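J.: 3D, please:
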Amino acid sequence: MLDAFDPVVLARIQFAFTVSFHFIFPSFSIGLASYLMVLEGLWLKTGRSVYDNLYRYWLKIFAIAFAMGVVSGIVMSYQFGTNWSVFSDRAGPVIGPLMAYEVLTAFFLEAGFLGVMLFGINKVGRKLHFAATCAVAIGTFISAFWILSVNSWMQTPVGHEIAANGQFVPGPSWLAIIFNPSFPYRLVHTVIAAYLTTALVVGGVGGWHLLRDRANRGARTMFSMAMWMAALVAPIQILAGDMHGLNTLEHQPVKVMAMEGHYRSHPDGAPLILFGIPNSAEKRVDYAVEIPKMSSLILKHDMNAPLAGLDTVPESEHPPVGIVFWSFRIMVGIGFAIFGLGLLSLLARATGHLYNWSLLHRLAILLGPAGFVAVIAGWVTTEVGRQPYVVYGLLRTADAASPLAAPAVGASLLAFIIVYFAVFGVGVWYILKLMAKPPQRGESAEPVEGPIRSAGITPAPSVEGERR
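T.: The predicted structure is shown next:
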């Protein structure tokens, strides 16, 4: 049965499945590491045990998410040799060193201080432990830096030369490769997305516990911090996304054509298609709901600016329009939903109802997993929109795959699906179980003097414990 499938398509599905599953965890751990750094910093500065309690609460969750991210990431690297050996051979001289830098600078930093962060909380001084937390947070950012540099080079390849054997080799300056034209925009957009993803999870957990106990100090604190992040950072993300889109229009115009659903050119202003059903056979968007000339205004800042369509590009260069069209709208729609949640939280805060407005808490719970959906939709837009190339404009995906038969690729794909859902499903279930437990309900009446008592940190007892 598997012989009827295209091995390249199966290899693409396999990598898409593993990378999507993998990035769920880094998109959470990047933001959560920074959140833990803020919590510990606030605790050391103020002495308020509520921050210590929240630090310990989220530290357990971070440890599991980080571990699952590492394990799922290791599997991906093997696929470069098994399913994409031609790509590894051709692009290895460029992407190999960059990925090695990620291991040497980021992974070693994270792994070296993670043990202190997790197990040294009662064994080392407060400055060393906080330094370990900061090192892990910085390490997650550096890791994102190198991985996004690699992927951005594949999107906008510059700074390389092509050798006689067809390999991409570094040019005179590595800086041109590392800081390729799309990298700064993608780095900002992705890291902010990780922070918002974490904020939504924290806000959803806080909202869940506030519905059960509005007086829970830990739930109130985490919910307030998460809503500040949504209110202040979501508008920045929308601006960053707009700048990223303009950069994509400059360097990957065909991707933008697919995102916008522009099968034909518009010489006197292109409409913004809000919804519709892309019909690649007829080269149109059926049942389109559109705003006249708005796409030109957004992309060119001129309502009458002409925009080229897919009719200017050979059909062999078209990405799968339907997938790109809808994944882009899912990402943007969730982005504006986060922005709306932030505005509602500001209204609730201004009227004194942040902790007792059940509708806001339920909306926060509803949007809790939305950040992960938006992140995956964004990656689908980026990667599928790059097709039919793996190195944009230079190496086609079909020419980068290993010469494998469909049954071999399909069998490994099925194995990955079974193992991933079994192993990581249990991990996610345990994380949700930890989140279902409420944080410490209260805190000490007085700030903790000298937060490290003798050799370690001692959290304040809960209100229930004090009553007992």
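
J.: quick one, strands of the stretch 301-450 of the chain?
T.: 389-391, 395-396 (DSSP state E, counting those that start in this stretch).

J.: just name the most buried of those.
T.: Mean neighbours per residue, mean count of other Cβ atoms under 10 Å, is largest over these for strand 389-391, with a mean of 22. Backbone N, C-alpha and C define where each C-beta goes, glycine included.

J.: relative to V9, how far out is V321?
T.: Separation of V321 from V9 (Cβ to Cβ, to the nearest Å): 17 Å.

J.: who has more neighbours, these two?
T.: Between V321 and V9, V321 has the larger neighbour count (other Cβ atoms under 10 Å), namely 23 against 14.

J.: ok, now which ones touch the more buried one?
T.: Each residue near V321 by Cβ atoms under 8 Å, 6 or more residues apart in numbering is listed here: A258, G261, Y263, P278, S280, L310.

J.: looking at these, which are in strands?
T.: Under the assignment DSSP state E, the contacts of V321 contribute P278 to strands.

J.: may I see the ChimeraX selection of the buried members of the contacts of V321?
T.: Command for ChimeraX that selects the buried part of the contacts of V321, burial taken from 16 or more other Cβ atoms under 10 Å:
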select :258,261,263,278,280,310
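
J.: which of the residues in stretch 295-303 are buried?
T.: S295, S296, L297, I298, L299, K300.

J.: go ahead and confirm the third one touches M303.
T.: Yes: here L297 lies in contact with M303, judged by Cβ atoms under 8 Å, at a distance of 4.8 Å.

J.: any idea how far K45 is from N151?
T.: Separation of N151 from K45 (Cβ to Cβ): 37 Å.

J.: so between those two, which is more surrounded?
T.: Neighbour totals were compared for N151 and K45, and N151 leads with 21 against 10 (other Cβ under 10 Å).

J.: so which elements touch whichever strand or helix holds the more buried one?
T.: N151 is located in helix 126-155, with elements delineated by DSSP states H and E. Contact here means 3 or more Cβ pairs under 8 Å, 6 or more residues apart in numbering; DSSP states H and E; on that basis helix 126-155 packs against helix 7-46, helix 85-101, helix 108-119, helix 174-178, helix 183-212.

J.: select from those helices the stretch with the lowest mean pLDDT.
T.: If you rank the helices and strands packed on helix 126-155 by mean pLDDT, helix 108-119 sits at the bottom with a mean of 86.

J.: export only the CA atoms of that one, formatted as CSV.
T.: Extracted in CSV, the C-alpha atoms of helix 108-119 (Å, rounded to 0.1, in the frame of the first residue of the first chain):
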residue,chain,number,x,y,z
PHE,A,108,26.0,23.2,27.0
LEU,A,109,25.0,26.4,28.8
GLU,A,110,21.5,25.2,29.5
ALA,A,111,22.6,21.7,30.4
GLY,A,112,25.4,22.9,32.6
PHE,A,113,23.2,25.2,34.8
LEU,A,114,20.0,23.2,34.6
GLY,A,115,21.1,20.9,37.3
VAL,A,116,21.9,23.8,39.6
MET,A,117,18.6,25.3,38.8
LEU,A,118,16.5,22.2,39.4
PHE,A,119,18.4,20.5,42.3
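
J.: and the angle from that helix to helix 7-46?
T.: Put simply, helix 108-119 runs at 50 degrees to helix 7-46, going by axes from the mean of the first three to the mean of the last three Cα atoms, to 10 degrees.

J.: sorry, back to before: now, which of the contacts of V321 sits nearest F416?
T.: Of all those, F416 sits closest to A258, with 27.7 Å by Cβ to Cβ.

J.: quick one: residues contacting that closest one.
T.: With the criterion set at Cβ under 8 Å, 6+ apart, A258 makes contact with L310, H318, P319, P320, V321, V324, F325, G385.

J.: top of these by neighbour count?
T.: V324 (28 neighbours).

J.: now the closest residue to that residue other than its chain neighbours: how far from G125?
T.: Leaving aside its sequence neighbours, V324 sits nearest to A258 (Cβ to Cβ, 6 or more residues apart in numbering; 4.1 Å). Distance, A258 to G125, using Cβ to Cβ: 55 Å.

J.: hang on, P157 is in a strand, isn't it?
T.: No: read with DSSP: H, G, I helix; E, B strand; the rest coil, P157 is coil and lies in no strand.

J.: from what I can see it touches V390, true?
T.: No: counting by Cβ under 8 Å, V390 is not a contact partner of P157; they are 10.4 Å apart.

J.: and V70, what pLDDT?
T.: 83.

J.: and for it, the neighbour number?
T.: Burial of V70 is recorded as 17 neighbouring residues (other Cβ under 10 Å).

J.: quick one, the helix or strand it falls within and helix 126-155 angle?
T.: Assessed by DSSP H and E, V70 sits inside helix 49-82. Helix 49-82 runs at 40 degrees relative to helix 126-155, counting by the same axes, to 10 degrees.

J.: what about E317, neighbour count?
T.: The number of residues packed near E317 is 13, by other Cβ under 10 Å.
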